[in-house]
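Peer 1: the following comprises the amino acid sequence and a computationally predicted model.
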Amino acid sequence: MACSAGAQTMATPVKWQNQRGSELTITSIDATGALKGTFVNKAEGFECQNTPFDVTGRLFRSSEIFFVVTFGPCNTVTRWRGNIRGSKMRTYWLLTYVRPKDGGFTRLSGVDRFEKK
């Protein structure tokens with residue numbers, strides 16, 4: 001249910017930075033709102049730092065955003081869902097980590113506040 005007119009309201013490429021210093025760069029948004037880019041994790045206490053990982057997601061109605069990053073070397077997938085208001089983006093994230101020892105899952109969640117750079 002993406003709005004193609006809304007998808008065109010965010011010029012790309014665009015860079016966002018959250019309160020932990022991590023960087024989201026959206027390199028393209030197509031007419032359906034599908035987005036692509038990279039994410040560089042800089043959050044203290046988390047693995048897979050300082051390496052760009054692919055981002056896929058979708059922009060809805062020009063202000064609702066959903067994106068996912070698979071941090072393959074760290075057995076982690078994180079998804080963000082939130083809203084954009086001007087130069088600020090507030091998202092809720094859910095991180096799922098596969099424990100190598102037993103194959104079980106650990107889940108963490110929180111809030112990220114991004115600012116357009």
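Peer 2: Arrived safely, thanks for sending.

Peer 1: I'd like the next helix or strand past the helix or strand residue 56 falls within.
Peer 2: Using DSSP states H and E, residue 56 sits in strand 52-60. Once the chain leaves strand 52-60, the next helix or strand it forms, by DSSP H and E, is strand 64-71.

Peer 1: direction included, what does that following strand pair against?
Peer 2: Within its sheet, strand 64-71 is paired with strand 52-60 (antiparallel), strand 76-85 (antiparallel), according to DSSP bridges.

Peer 1: give the contact list for the residue most central in space within the chain.
Peer 2: The C-alpha lying nearest the average C-alpha coordinate of the chain belongs to residue 67 (Cα atoms, centre = their mean; 4.5 Å). By Cβ atoms under 8 Å, 6 or more residues apart in numbering, residue 67 lies in contact with 24, 35, 37, 39, 55, 56, 57, 58, 79, 80. The way it works is simple: take the backbone N, C-alpha and C, and place the C-beta from them, glycine included.

Peer 1: give me the beta-bridge partners of it?
Peer 2: residue 57, residue 80.

Peer 1: ok, the helix or strand hosting residue 37: who's next to it in the sheet?
Peer 2: For residue 37, the host element (DSSP H and E) is strand 34-40. Strand 34-40 has the following sheet partners, assigned by DSSP bridges: strand 23-29 (antiparallel), strand 52-60 (antiparallel).
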